[in-house]
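Student: okay, sequence plus prediction incoming.
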Amino acid sequence: MPRRREIPSTERIRQTAELRVRETSLRQVAYRVGVSPMGLKKFLDGASPYENNRRKLVDWFLREESQPREPVRESTVAAIALGMVLRDLPTPLRTEAVDTQVQLLESLYSRSQAPRPAWLEGLREQLAEELESS
């Protein structure tokens with residue numbers, strides 16, 4: 001008997017869709033999912049999708065996860081993660097928060113005397129770009 005696939009959480013689908021949009025475009029991902037670009041944008045902004053769109057998103061996610069992909073660079077993942085945390089702040093505060101967060105990470109690695117990860121280099125610039133595009 002074939003094993004039934006577990007239905008992914010809405011948040012996991014949202015994160016994957018966000019990553020794919022950053023790799024390509026909102027329109028391309030919406031087309032692949034089978035929803036309107038505005039519907040996908042609302043979903044990415046945190047709205048709950050209509051049931052029909054949820055089914056399309058789950059189907060797309062399962063197709064997407066079954067395809068081999070090139071690994072995403074750690075610096076891209078770090079920039080996206082911090083960008084998601086900071087994106088709801090007003091623009092002037094976001095700029096300040098980028099500097100503060102990157103300084104904190106640099107300080108923690110220096111104080112711990114742990115090797116500084118490669119993704120930390122250039123994170124400030126990549127994060128600034130990430131927040132400008134959102």
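Tutor: Looks like it came in fine.

Student: domains of this structure?
Tutor: Using automatic domain parsing, the domain parsing of the chain gives 10-66, 74-133.

Student: most tightly surrounded among those?
Tutor: Ranked by mean neighbour count under mean count of other CB atoms under 10 Å, the domains of the chain are led by domain 10-66, which reaches a mean of 16. In this view, the C-beta of every residue, glycine as well, is placed from N, C-alpha and C.

Student: show residues contacting stretch 97-113.
Tutor: Contacts to stretch 97-113, defined as CB atoms under 8 Å, 6 or more residues apart in numbering, come from residues Leu82, Leu86, Leu89, Pro115, Arg116, Pro117, Leu120, Leu123, Arg124, Leu127, Ala128, Leu131.

Student: give me the subset of these lying in helices.
Tutor: Under the assignment DSSP state H, these contribute Leu82, Leu86, Leu123, Arg124, Leu127, Ala128, Leu131 to helices.

Student: in CSV: the residues you listed, plus distance to Val29 and pLDDT.
Tutor: Listed next are the ones in helices among the contacts of stretch 97-113 as CSV, based on distance: CB to CB, whole Å; pLDDT from 0 to 100:
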residue, distance to Val29, pLDDT
Leu82, 22, 81
Leu86, 22, 81
Leu123, 25, 81
Arg124, 27, 77
Leu127, 22, 75
Ala128, 23, 70
Leu131, 20, 64
